[in-house]
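Engineer: I'd like to go over a predicted model; first the sequence, then the structure.
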Amino acid sequence: MNLLLLLLLCFISYRGSSTKPVSGIKGGIVTLSCESEDREIVDISLISRSKKIPVCEKKNCSGRVCKEGSCDVIIKDLIYSDAGKYILRVYYNNDQREVKRNIREYHLHIHDEISVKKGENLKLDVVLINADKVERNSRSGWTEVWRRGHGVSSDRLIISDQTLIIHDFTVTDTGTYRVLDSNNEALITVTVTEYSAGSMGKLDTEDDHKRCEKHTVDHWVIVPSVCGALALLGVIVFVVIWKHQCQNRNADHVPYQGVPMPEIEVVVQNI
């Protein structure tokens with residue numbers, strides 16, 4: 001009987017500690033659900049990589065990790081380093097007003113898509129601190145491009161500041177890359193495609209069309225304004241020249257009157 005009870009407790013403990021997979025897009029948002037909405041929550045605690053993560057419990061939180069509802073935790077603006085294991089501990093009161101603890105574990109997987117131009121360097125900021133290996137999906141299946149303790153599989157690959165860099169990107173480098181932990185669980189998945197010259201040309205064409213329309217509008221707005229200003233300036237110049245010529249013409253036809261002499265009064269006195 002005691003053995004059966006022990007096995008039952010072990011089974012319940014195992015189910016309670018099972019890891020729930022969650023996934024989110026880089027730059028997006030993910031929710032770690034506590035599933036304890038009907039209980040009186042006393043406190044919540046979020047732990048990742050043996051470190052406690054501060055959870056903002058205010059209504060208007062400026063941080064990336066916030067409480068939502070009674071005890072759900074949301075992580076906003078996801079980055080690669082958010083991937084990994086999480087433990088959410090929720091403390092609540094039961095019917096007897098006793099504080100109980102509910103523990104839930106999550107495995108956060110982050111996926112992303114990027115495009116790279118041919119000949120450029122492909123930089124995968126996949127944060128290799130907690131990674132065990134990086135694989136790429138090709139026609140022959142998943143092939144290893146990096147493993148902890150073994151390094152990279154090609155001379156074109158280097159590791160710099162936890163970033164996997166592929167020099168001189170080519171079409172053969174396209175595909176899906178995934179970062180795996182020591183348990184062979186995916187932390188990060190990145191789909192890499194070649195930057196399409198056709199789409200770039202389409203964008204250029206659309207931009208050129210917009211620029212052409214803008215140029216046409218500007219032309220019809222600016223040209224009349226310039227022409228009007230030039231016409232007004234021409235009228236002003238014509239009037240000034242015309243007045244100047246009239247003054248010169250009048251000066252030529254009016255006879256010279258000379259400078260008037262002052263009148264002299266002569267007084268004759270009798271001697």
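Structural biologist: Perfect, I can see it now.
Engineer: CA atoms for contacts and neighbours, from now on please.
Structural biologist: Fine.
Engineer: run a quick neighbour tally on the closest residue to Lys133 other than its chain neighbours.
Structural biologist: Leaving aside its chain neighbours, Lys133 sits nearest to Arg147 (4.2 Å; criterion: C-alpha to C-alpha, 6 or more residues apart in numbering). By the criterion of other C-alpha atoms under 10 Å, Arg147 has 17 neighbours.
Engineer: Lys58 versus Arg147, what's the distance?
Structural biologist: 42 Å (C-alpha to C-alpha, to the nearest Å).
Engineer: cool, and Gly234?
Structural biologist: The gap separating Gly234 from Lys58 is 71 Å, by C-alpha to C-alpha.
Engineer: one more: Thr193?
Structural biologist: In this view, Thr193 and Lys58 are 41 Å apart by C-alpha to C-alpha.
Engineer: now do Lys67
Structural biologist: Distance, Lys67 to Lys58, using C-alpha to C-alpha: 8 Å.
Engineer: low-confidence ranges in the stretch 1-150 of the chain?
Structural biologist: The model of the stretch 1-150 of the chain has pLDDT under 70 over residues 1-17, 37-39, 95-96.
Engineer: how about the helices in it?
Structural biologist: For the stretch 1-150 of the chain, helices defined by DSSP state H, counting those that start in this stretch occupy the ranges 2-16.
Engineer: which residue ranges form the strands in it?
Structural biologist: Remark: strands assigned in the stretch 1-150 of the chain by DSSP state E, counting those that start in this stretch are 19-25, 30-32, 40-48, 51-53, 65-68, 72-75, 84-93, 99-116, 122-124, 133-138, 141-147.
Engineer: okay, and the beta partners of the residue nearest to Lys133?
Structural biologist: Per DSSP bridges, the residues bridged to Arg147 are Lys133, Gly151.
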